[in-house]
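1. I would like the atomic coordinates for the input below:
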Amino acid sequence: MSESISVKKRKKKKNKNAVYIMEILLCIIALSAITVSMILVVKYRQLNLRADALQAKVDVYEDPDDPYLSRSTADEMISAERDIAYIEGSDAGRADVLASIKEELIESDSSIETLKNYYPDDLIVVHNNEILFFPILDSITHHTYDRSLFATGDDGRITYNESGVDTESWIDVSRFQEKIDWSRVADDHIDAAIIRVGYRGYSKGDIMDDDTFEYNIKGALDHGLKAGVYFLTQATSDSEATEEAEYVLDMISDYDISGPVVLDVELVGGDDGRGNRLAVEERTKYAKTFLDTVREAGYETCIYGNLKTFLIMLDLEELEDYSKWFAGYTDVPYYPYSMDMWQYTDTGRVDGISGNVDINIRFIK
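-> Okay, here's the model as predicted:
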């Protein structure tokens, strides 16, 4: 979801230290993990070649009365050659590892992307200046999208082509997109829009309208787009979660909402975010209260979030029955678990919108 410019600046500033730490830890972790295996391979081959060559010299001269080399001398030479081979093998192994890491760092957008390649069985998140590893669990339902079937077009939009899976191109907007020309948006191959209806303040906790909601919902619907809505939560109690749901239901009651009603769960406001201090169990409970209230009113529901949302803030095993909308800006989804929509960029370009906009793929089975 789009956030205020001031919030984004605070996040970027806070994450600078994480980036520096990550750059250093990357080489240390990757080198320690890979150098061992590389050294063993190189060492094993060089040891055998050197030892076999020396043994052949010894075996040629078998006359015990006129030995070319004594057995003890040959053993000493073999031992010395093994030591040399070990050192050379270690150096070669380290050089190969450094070259490999350097190549991946050059080709990747960030060092964290390189680090992810070395740990395919974990999900990696940078949080509070720490690199966190979360094992990928089989106890949580996985999506079945084939990574090889995603493609990025010249316009930067990602498509997915699998038999039996239809997709739609969705955008999500708020007042940060300013005034949108919905006629031009509809002509630019956009199928639907999820529109921010409102949010709860992260400090005082008041519920606030998005002042472009009415204009955007009418514009999208009038030009033939499907429409859904989202609400940014900061509920810190069950009663506040219910209040948020009832607020959204009241705001959308006059509109044809065929898309999902989405609960946006994110860390916002830095240390001042009132919802950031909740325990996982509390936040998960309040999310379910919101979604169940909206579902009982007859609407489709969904939870929006990024890796921090789904790995740090919520208990995914408790939310298996709810649709997920994942935000992660990569060429193919890094998130392995079940999801119905993927936000793959926050810098998309759509005709009729003056600046950047989030673009998503919605999967329809």
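
2. Excluding chain neighbours, what is closest to residue 212?
-> Setting aside the residues directly before and after it, residue 212 is nearest to residue 175 in space (Cβ to Cβ, 6 or more residues apart in numbering), at 4.4 Å. Bear in mind the C-beta positions are built from the backbone N, C-alpha and C, glycine included.

3. where do the strands sit along the stretch 251-365 of the chain?
-> 261-264, 301-305, 324-327, 341-348, 357-364 (DSSP state E, counting those that start in this stretch).

4. now the stretch 101-250 of the chain
-> 122-127, 130-135, 150-152, 158-160, 166-173, 192-200, 207-209, 226-232.

5. From one end of stretch 125-144 to the other, what's the distance?
-> 22 Å (Cα to Cα, to the nearest Å).

6. coming back round to it: okay, now the residue nearest to residue 212: neighbour count?
-> By the other Cβ atoms under 10 Å criterion, the neighbourhood of residue 175 contains 16 residues.

7. my guess is it meets residue 208, correct?
-> No - under the contact definition of Cβ atoms under 8 Å, residue 175 does not touch residue 208, with a separation of 10.5 Å.

8. number of nearby residues for the residue nearest to residue 162 when sequence neighbours are not counted?
-> Counting by Cβ to Cβ, 6+ apart, residue 149 is the residue found nearest to residue 162 once chain neighbours are left out, at 5.1 Å. Taking other Cβ under 10 Å as the criterion, the count of residues near residue 149 is 13.

9. List the contacts of residue 149.
-> Under the criterion of Cβ atoms under 8 Å, 6 or more residues apart in numbering, the neighbours of residue 149 are 160, 161, 162.

10. Output the below-cut-off pLDDT ranges for the chain.
-> Low-confidence regions of the chain, defined by pLDDT under 70, span residues 1-75, 77-78, 81-83, 85-111.

11. Tell me which stretches of it form helices.
-> With DSSP state H as the criterion, the chain has helices at 5-60, 71-107, 111-117, 182-187, 213-222, 238-252, 280-296, 307-308.

12. hmm, back to that, would you list the buried entries among the contacts of residue 149?
-> Among the contacts of residue 149, the ones that count as buried by 16 or more other Cβ atoms under 10 Å are residue 160.

13. Which of the contacts of residue 149 sits closest to residue 281?
-> residue 160 (34.7 Å; Cβ to Cβ).

14. Give the full set of residues in contact with that closest one.
-> 145, 149, 150, 151, 167, 361, 363.

15. For the residues you listed, name the two members farthest from one another.
-> When the contacts of residue 160 are compared pair by pair using Cβ to Cβ, the maximum separation belongs to 151 and 363, at 14.9 Å.

16. could the contacts of residue 160 be laid out in JSON lines, adding distance to residue 289?
-> Rendered in JSON lines, the data for those read as follows (distance: Cβ to Cβ, whole Å):
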{"residue": "145", "distance to residue 289": "30"}
{"residue": "149", "distance to residue 289": "37"}
{"residue": "150", "distance to residue 289": "35"}
{"residue": "151", "distance to residue 289": "40"}
{"residue": "167", "distance to residue 289": "31"}
{"residue": "361", "distance to residue 289": "29"}
{"residue": "363", "distance to residue 289": "27"}
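
17. Which one (most neighbours) among those residues?
-> Ranked by neighbour count (other Cβ under 10 Å), the contacts of residue 160 have residue 361 at the top, with 21 neighbours.

18. That residue reaches residue 158, doesn't it?
-> Yes - judged on Cβ under 8 Å, residue 361 makes contact with residue 158 at a distance of 6.3 Å.

19. Are there residues contacting both of these two? Which ones?
-> Once Cβ under 8 Å, 6+ apart is applied, the residues that residue 361 and residue 158 both contact turn out to be residue 344.

20. so how far is residue 218 from residue 172?
-> The spacing between residue 172 and residue 218, counted by Cβ to Cβ, to the nearest Å, is 17 Å.

21. neighbour count winner among these two?
-> Neighbour comparison, residue 172 and residue 218: the larger count goes to residue 172, with 27 against 15 (by other Cβ under 10 Å).

22. for the nearest residue to the more buried one once chain neighbours are set aside, what are its contacts?
-> The shortest distance from residue 172 to any residue that is not its chain neighbour, by Cβ to Cβ, 6+ apart, is 4.2 Å, and that residue is residue 194. Shown in contact with residue 194 (Cβ under 8 Å, 6+ apart): 170, 171, 172, 173, 227, 228, 229, 230, 259, 260, 262, 360.

23. Who does residue 194 form a beta bridge with?
-> Beta-bridge partners for residue 194, by DSSP bridges, are residue 172, residue 228.

24. number of nearby residues for residue 230?
-> 26.

25. Do I have it right that it meets residue 265?
-> No - look at residue 230 against residue 265 with Cβ under 8 Å: they stay out of range, at 10.4 Å.

26. and for those two, which residues touch both?
-> With contacts taken as Cβ under 8 Å, 6+ apart, the residues that reach both residue 230 and residue 265 are residue 304.

27. Could you report the neighbour count for residue 364?
-> Counted with other Cβ under 10 Å, residues neighbouring residue 364 total 9.

28. So it is in contact with residue 167, correct?
-> Yes - Residue 364 lies in contact with residue 167 (Cβ under 8 Å); the separation is 6.7 Å.

29. Find the residues that touch each one of those two.
-> Common contacts of residue 364 and residue 167, defined by Cβ under 8 Å, 6+ apart, are absent altogether.

30. sorry, back to before: save the strands of the stretch 251-365 of the chain as a markdown table, and put in distance to residue 254 too.
-> As requested, the strands of the stretch 251-365 of the chain are arranged in a markdown table below (distance: least, Cβ to Cβ, whole Å):
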| stretch | distance to residue 254 |
| --- | --- |
| strand 261-264 | 14 |
| strand 301-305 | 19 |
| strand 324-327 | 24 |
| strand 341-348 | 25 |
| strand 357-364 | 24 |
